[in-house]
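# The sequence isn't on hand, but the structure is:
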């Protein structure tokens, strides 16, 4: 009996709290604009790799001395009014390119969005995340941090010696 009353009270309180935010979404200010180009240099990377001698996967750290990305953040002029943060989030198109200069700038996708909106990436207090293939990119444009996760290799049915890894780094705006 008390559990039911507590649940109903909590639901009512949540609705009363969120209703003003949701009903006035178009009146909320836009988040800070993070559009621009960023150079993100990786500072650490760890993961696993297949040790052929031992015949098993083992932990590993990797050299990130020359590992960097160019991140291009383009403001689409659209905004998301589905925020519960007290702000309307700007919508961006984000591309990521390795700094080596020879690679392609790959588009980042929001895999949770409908197919025709997957390249629309919103921010929440400077944080954004997006995906390309087996890569997940996380950005904090306020603290200028980037995290990259690659999940290929280990989960493949056939032996694939790609090395699942997570990298972290610091970014600087370059435009």
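In hand now; what should we look at? Nothing here was measured: the structure is a model prediction, and the numbers come from that model. Residues are numbered from 1 along each chain as shown.

# make it CA atoms for all contacts and neighbour counts henceforth
OK.

# all helices of the protein, in order?
For the chain, the helices identified by DSSP state H occupy 2-23, in order along the chain.

# Break down this protein into its strands, ranges please.
36-51, 56-61, 68-80, 89-98, 106-107, 121-122, 127-132, 135-140, 145-150, 165-173 (DSSP state E).

# So which of these is the most surrounded?
strand 121-122 (a mean of 26; mean count of other CA atoms under 10 Å).

# Given it, what are its sheet partners and their directions?
Sheet pairing for strand 121-122, assigned by DSSP bridges, gives strand 89-98 (antiparallel).

# and the angle for the partner strand with strand 127-132?
Here strand 89-98 runs at an angle of 50 degrees relative to strand 127-132 (axes from the mean of the first three to the mean of the last three CA atoms, to 10 degrees).

# What lies in contact with strand 89-98?
By CA atoms under 8 Å, 6 or more residues apart in numbering, the residues outside strand 89-98 that reach it are 30-33, 35, 67-81, 83, 103-108, 119-124.

# Likewise for stretch 147-162?
When contacts are taken as CA under 8 Å, 6+ apart, the neighbours of stretch 147-162 outside the stretch itself are 49-50, 134-139, 163-169.

# any idea which residue sits dead centre in this protein?
Per CA atoms, centre = their mean, the C-alpha nearest to the average position across the chain is that of residue 129, at 1.4 Å.

# Show the contacting residues for that one.
The neighbourhood of residue 129, defined by CA under 8 Å, 6+ apart, consists of 110, 121, 136-139.

# Adding pLDDT and distance to residue 173, write those residues out as JSON lines.
Listed next are these as JSON lines, based on pLDDT from 0 to 100; distance: CA to CA, whole Å:
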{"residue": "110", "pLDDT": "89", "distance to residue 173": "23"}
{"residue": "121", "pLDDT": "91", "distance to residue 173": "19"}
{"residue": "136", "pLDDT": "95", "distance to residue 173": "21"}
{"residue": "137", "pLDDT": "95", "distance to residue 173": "17"}
{"residue": "138", "pLDDT": "96", "distance to residue 173": "16"}
{"residue": "139", "pLDDT": "96", "distance to residue 173": "13"}
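
# Any idea how far apart the tips of stretch 91-110 sit?
Start-to-end span of stretch 91-110 (CA to CA, to the nearest Å) is 11 Å.

# Centre of the chain to it, how far?
Average the C-alpha atoms of stretch 91-110, do the same for its chain, and the two points are 13 Å apart (CA atoms, centre = their mean, to the nearest Å).

# So in the chain, where's the weakest helix or strand by average pLDDT?
Here the helix or strand of the chain ranked lowest by mean pLDDT, DSSP states H and E is helix 2-23, holding a mean of 44.
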